[in-house]
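Colleague: 3D model of this:
(chains A and B)
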Amino acid sequence: QQQVRQSPQSLTVWEGGTTVLTCSYEDSTFNYFPWYQQFPGEGPALLISILSVSDKKEDGRFTTFFNKREKKLSLHIIDSQPGDSATYFCAASPYSGGSNYKLTFGKGTLLTVTP
Amino acid sequence: DAGVTQTPRHEVAEKGQTIILKCEPVSGHNDLFWYRQTKIQGLELLSYFRSKSLMEDGGAFKDRFKAEMLNSSFSTLKIQPTEPKDSAVYLCASSRLGGRDTGQLYFGEGSKLTVL
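Modeller: Here you go, the predicted model:
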């Protein structure tokens, strides 16, 4: 059973455009939702995260939205750049401030930004 | 601070061999994780250590996979015997409790294993 579903699997956008990645989850105990970015040959790195008490978090060109009722979240990248080309993973966990070992990852979205 | 260091970066093994992958977590981190990454299954948790104690040993991986943490700054993942289906990227990650980045996973660059 896949607890965290991501879509689309891959996406191509033009430089300067807006990228929208989406994620849905099933477990109601999930309350922490990070997005990780992975470049080829590297490990994933935290991009942005949100707790279920918030519905929006912004960091520069990256914004994540959270909808608790629908159990969905999204990542928006405005003014997308070729350097944003990477695989993006959403994840979820019932994080309580302690260890995050129950983090469940989606299968990722491969983003290509074309100049 | 240095990030998570994994060695080797690439490993090619014959079916049935034993391989050992190594990881040095970020200094001062309490938690260490081993993940397997494939295109089909994505990121799967293999093992989780808290302050060197094994807390989670992924059920499906128990029989041929063994992770150990000999001290707070070094961990190994042994696969014995290897099978072609073990071909994947093995990622090590660490995190710390407390502080601004509590719970955030810091990943190494991974060890790519190919089993022939």
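
Colleague: Write out the residues of chain B neighbouring chain A.
Modeller: B:4, B:30-31, B:33, B:41-43, B:45, B:48, B:50, B:55-56, B:91, B:93, B:95, B:97, B:102-110 (C-beta under 8 Å from any C-beta of the partner chain). (Each C-beta comes from the backbone N, C-alpha and C, glycine too.)

Colleague: of these, buried ones?
Modeller: Neighbour counting by 16 or more other C-beta atoms under 10 Å in any protein chain shown classes B:4, B:30-31, B:33, B:42-43, B:45, B:48, B:50, B:56, B:91, B:93, B:95, B:103-110 among those as buried.

Colleague: In chain B, which residue sits furthest out from the middle?
Modeller: Distance from the C-alpha centroid of chain B, by C-alpha atoms, centre = their mean, peaks at residue B:100 (24.3 Å).

Colleague: Start and end of stretch B:74-94, how far apart?
Modeller: With C-alpha to C-alpha, to the nearest Å as the measure, stretch B:74-94 spans 11 Å from end to end.

Colleague: Which positions in that stretch come out as buried?
Modeller: Of all the residues in stretch B:74-94, those buried under the rule 16+ other C-beta under 10 Å are B:75, B:77, B:79, B:82, B:86, B:88, B:89, B:90, B:91, B:92, B:93, B:94.

Colleague: and these, which two are the farthest apart?
Modeller: B:82 and B:94 (25.0 Å; C-beta to C-beta).

Colleague: what about residue A:91, how many neighbours?
Modeller: 24 (other C-beta atoms under 10 Å in any protein chain shown).

Colleague: ditto for residue B:49
Modeller: 24.

Colleague: Could you check how far it is from residue B:96?
Modeller: Distance from residue B:49 to residue B:96, counting by C-beta to C-beta, to the nearest Å: 13 Å.

Colleague: overlap in contacts of those two?
Modeller: Common neighbours of residue B:49 and residue B:96, using C-beta atoms under 8 Å, 6 or more residues apart in numbering or on different chains, are residue B:31.

Colleague: how about the nearest residue to the residue in chain A positioned nearest to chain B, chain neighbours excluded?
Modeller: Relative to chain B, the nearest point of chain A is residue A:43 (2.9 Å; C-beta to the nearest C-beta). Excluding the flanking residues, the one nearest residue A:43 by C-beta to C-beta, 6 or more residues apart in numbering or on different chains is residue B:107, at 2.9 Å.

Colleague: where does chain A dip in pLDDT?
Modeller: A:1-2, A:96-101 (pLDDT under 70).

Colleague: same thing but at 90, please
Modeller: Scanning chain A for pLDDT under 90 picks out A:1-3, A:29, A:93-103.

Colleague: Which residue ranges of it form strands?
Modeller: Ranges of strands within chain A are A:4-7, A:10-14, A:19-25, A:32-38, A:45-51, A:56-59, A:62-67, A:72-77, A:86-92, A:104-105, A:109-114, based on DSSP state E.

Colleague: Export those to TSV and append columns for distance to chain B.
Modeller: As requested, the strands of chain A are arranged in TSV below (distance: least, C-beta to the nearest C-beta, whole Å):
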stretch	distance to chain B
strand A:4-7	9
strand A:10-14	11
strand A:19-25	13
strand A:32-38	7
strand A:45-51	5
strand A:56-59	14
strand A:62-67	15
strand A:72-77	17
strand A:86-92	7
strand A:104-105	4
strand A:109-114	10
